[in-house]
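Colleague: just coords:
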Ligand code: ATP
Ligand code: MG
């Protein structure tokens, strides 16, 4: 009998699986599956679903299949299949040799349909799609029987065969299960199980002129694969009676469907249909745009698989839906990157500083520790010279009281280097804009400390002008405008995208100056830019010598504040 590794606090899904293994149901076997439809890229909501399926299989010593639910030929593409494989692997899960497609079962699913007709439990219906909808009734009113409901079995078999042979146009007929048009559960009102569709399928080509509906294909595919626990999101709860009905009527292997709450995250659109619109209407550059909540987008933005798994662990699994603050996700990525990412210097809005008493021909290097949190991360050489860049915002001509950075006459520390004092401000004559600072340095303060023990409050990051590398830096925000709890549902309810989408989700900074160690930064490398946040080398647009970085997340941890306030 299989027992979970971590038995302490089982969520309700694991508790159910544990109960089944304990009672010897399915001979104690645990077999799950993740069934994505290849009609878009996976988002972080899907990650919750496959993380749960793969983890449960793992914890109970079972197996998890990956099965593409490719029953809808018009929306599906091979590009999506490939991205889904890549993203699941990236998050750290593996389906072994169990990669399946619902379309692999089209033949068998068709045989099951013929079987259901023979059992007198399915019929070919000639109602048009509109009529079918009318006959279905509403939540308040029962439906009406189709006039074709009592067709004899032989006639149904003949018509179904002709549907399969492609004799009828799209929508002319359907095959429907004969259940109960008065059922309070609309899903049980003689649901359509096959439709006519003269469409090319990405795997079966033009073999099929009829395609199974989701509910038919899904439960039976689970059954065919010997899945024991069919774990899916909560919107399928009302489909469970239908799932069970098909399997019972056909007397085939019967998995247990279990539903859990979908993941909603503030400021993120987690609906593939909406995300497709976002892509198609050009709000972003593609499915892997670093602003997208897709796994491909989060990866490009710099999120680590570990941080996403940690996030999902903290979110947990429940039956009631709630929206998770995106600050928790950011907190998890910060925590992970704080431990891993080398700390480097990058000036995003450069201001030239000439150190007047530093000899022009002189130059030197400082040894800079890569990550004080990680003793194994080593150090690197940081070149210094007479002209450096600092952040424009680190200087104020007329500073307010609490401003401890550079100002006329003030002394600050250049990280790892020297103490410098601002002697003079050079301005553009026409505009009055500060274009350069003239400073002096104290040669006695090499490394950043004064031998006489005098204190300076400000420590600035900088890069040597002579050695600096020009870079593009993209400051990213979320796609949804505001932390609006309604926004995700509004997105589903059809509110205009223009009203929902944050118009300043990306600010591109050109002419940033980064330290030379970043010149050839490999795509996907993650850093902490000192005092700025965490950044990741863009995997598409970055070039050796001309790096491009995405801001993964800022340094300010709003989640820590939220958690602290909640604890008070
Ligand atoms: P969308 O609503 O974004 O179009 P979908 O459910 O139609 O997604 P599928 O490819 O069918 O997309 O999803 C595969 C699995 O992922 C399903 O079992 C579904 O329950 C689950 N899933 C989808 N979105 C979420 C979510 N936000 N949270 C948890 N699970 C999800
Ligand atoms: Mg779906």
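Modeller: Looks like it arrived, so ask away. These numbers were taken from a predicted model, which means no experiment stands behind them. Ligands and ions are numbered 1, 2, ... in the order given.

Colleague: residue 34: neighbour count?
Modeller: 25 (other Cβ atoms under 10 Å). In this view, the C-beta of every residue, glycine as well, is placed from N, C-alpha and C.

Colleague: that one contacts residue 48, doesn't it?
Modeller: No - using Cβ atoms under 8 Å, residue 34 is not in contact with residue 48, being 10.8 Å away.

Colleague: tell me which element the residue of the chain found nearest ligand 1 falls in.
Modeller: The nearest approach of the chain to ligand 1 comes at residue 45, 2.2 Å away (Cβ to the nearest ligand atom). Per DSSP states H and E: residue 45 is located in helix 44-59.

Colleague: ok, now residue 334?
Modeller: Using DSSP H and E, residue 334 sits within helix 326-340.

Colleague: starting at the chain centroid, how far to that helix?
Modeller: 15 Å (Cα atoms, centre = their mean, to the nearest Å).

Colleague: name the residues that touch it?
Modeller: If you take Cβ atoms under 8 Å, 6 or more residues apart in numbering as the criterion, helix 326-340 is touched by 44, 265-268, 302-304, 306-308, 310-311, 314-315, 371, 373-374, 478, 483, 526, 528, 534, 552-553, 555, 557-560, 562.

Colleague: tell me which of the residues you listed fall in strands.
Modeller: The members of the contacts of helix 326-340 that map onto strands under DSSP state E are 265, 526, 528, 534, 552, 553.

Colleague: is the third one bridged to anything, and to what?
Modeller: To tie it back to what came earlier, the one meant is residue 528. residue 343, residue 534 (DSSP bridges).

Colleague: identify the residues contacting it.
Modeller: Residue 528 touches 337, 338, 341, 342, 343, 344, 371, 534, 535, 555, counting by Cβ under 8 Å, 6+ apart.

Colleague: kindly report the residues of the stretch 101-250 of the chain close to ligand 1.
Modeller: 232, 233 (Cβ under 6 Å from any ligand atom).

Colleague: tell me which stretches of the stretch 101-250 of the chain form strands.
Modeller: Applying DSSP state E, counting those that start in this stretch to the stretch 101-250 of the chain gives strands spanning 122-125, 174-177, 192-196, 210-212, 229-233.

Colleague: could you dump these to a markdown table with mean pLDDT?
Modeller: Supplementary listing: the strands of the stretch 101-250 of the chain in a markdown table, determined by pLDDT from 0 to 100:
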| stretch | mean pLDDT |
| --- | --- |
| strand 122-125 | 98 |
| strand 174-177 | 98 |
| strand 192-196 | 98 |
| strand 210-212 | 98 |
| strand 229-233 | 97 |
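
Colleague: CSV please, covering those strands and showing mean neighbour count.
Modeller: Shown next, in CSV, are these (neighbours: other Cβ atoms under 10 Å):
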stretch, mean neighbour count
strand 122-125, 24
strand 174-177, 25
strand 192-196, 21
strand 210-212, 23
strand 229-233, 24
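
Colleague: could I get those strands as a markdown table with distance to residue 509?
Modeller: Listed next are these as a markdown table, based on distance: least, Cβ to Cβ, whole Å:
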| stretch | distance to residue 509 |
| --- | --- |
| strand 122-125 | 61 |
| strand 174-177 | 56 |
| strand 192-196 | 51 |
| strand 210-212 | 49 |
| strand 229-233 | 39 |
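
Colleague: what sits against residue 120?
Modeller: Contacts of residue 120 by Cβ under 8 Å, 6+ apart are 153, 178.

Colleague: same deal with the one 5 residues further on?
Modeller: When the contact criterion is Cβ under 8 Å, 6+ apart, the partners of residue 125 are 132, 146, 148, 149, 173, 174, 175, 176, 190, 192.

Colleague: just to check, the fifth one is in contact with residue 196?
Modeller: Translated: residue 173. Yes - contact criterion Cβ under 8 Å: residue 173 and residue 196 qualify, at 6.3 Å.

Colleague: joint contacts of those two?
Modeller: What both residue 173 and residue 196 touch, as defined by Cβ under 8 Å, 6+ apart, is the set residue 163.

Colleague: what's the first-to-last distance across stretch 408-417?
Modeller: Counting by Cα to Cα, to the nearest Å, you get 20 Å between the two ends of stretch 408-417.

Colleague: what's in contact with it?
Modeller: Residues contacting stretch 408-417 (Cβ under 8 Å, 6+ apart): 345, 366-368, 382, 384, 388, 390, 394, 397, 399, 404-406, 419-425, 445-448, 456-462, 530.

Colleague: and it, which residues are buried?
Modeller: Using 16 or more other Cβ atoms under 10 Å as the test for burial, stretch 408-417 gives 410, 411, 412, 413, 414, 415, 416, 417.

Colleague: which of those fall within helices?
Modeller: Using DSSP state H, the subset of the buried residues of stretch 408-417 located in helices is empty.

Colleague: mind putting the residues you listed in a markdown table, distance to residue 180 and pLDDT included?
Modeller: Shown next, in a markdown table, are these (distance: Cβ to Cβ, whole Å; pLDDT from 0 to 100):
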| residue | distance to residue 180 | pLDDT |
| --- | --- | --- |
| 410 | 82 | 96 |
| 411 | 84 | 97 |
| 412 | 78 | 97 |
| 413 | 78 | 97 |
| 414 | 78 | 97 |
| 415 | 73 | 96 |
| 416 | 76 | 95 |
| 417 | 80 | 97 |
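
Colleague: from the contacts of helix 326-340, which would you call buried?
Modeller: The neighbour count (16+ other Cβ under 10 Å) marks 44, 265-268, 302-304, 306-308, 310-311, 315, 371, 478, 526, 528, 534, 552-553, 557, 559 as buried among the contacts of helix 326-340.

Colleague: one step back: show me which of the buried residues of stretch 408-417 is closest to residue 433.
Modeller: Here the nearest of these to residue 433, counting by Cβ to Cβ, is residue 410; it sits at 20.0 Å.
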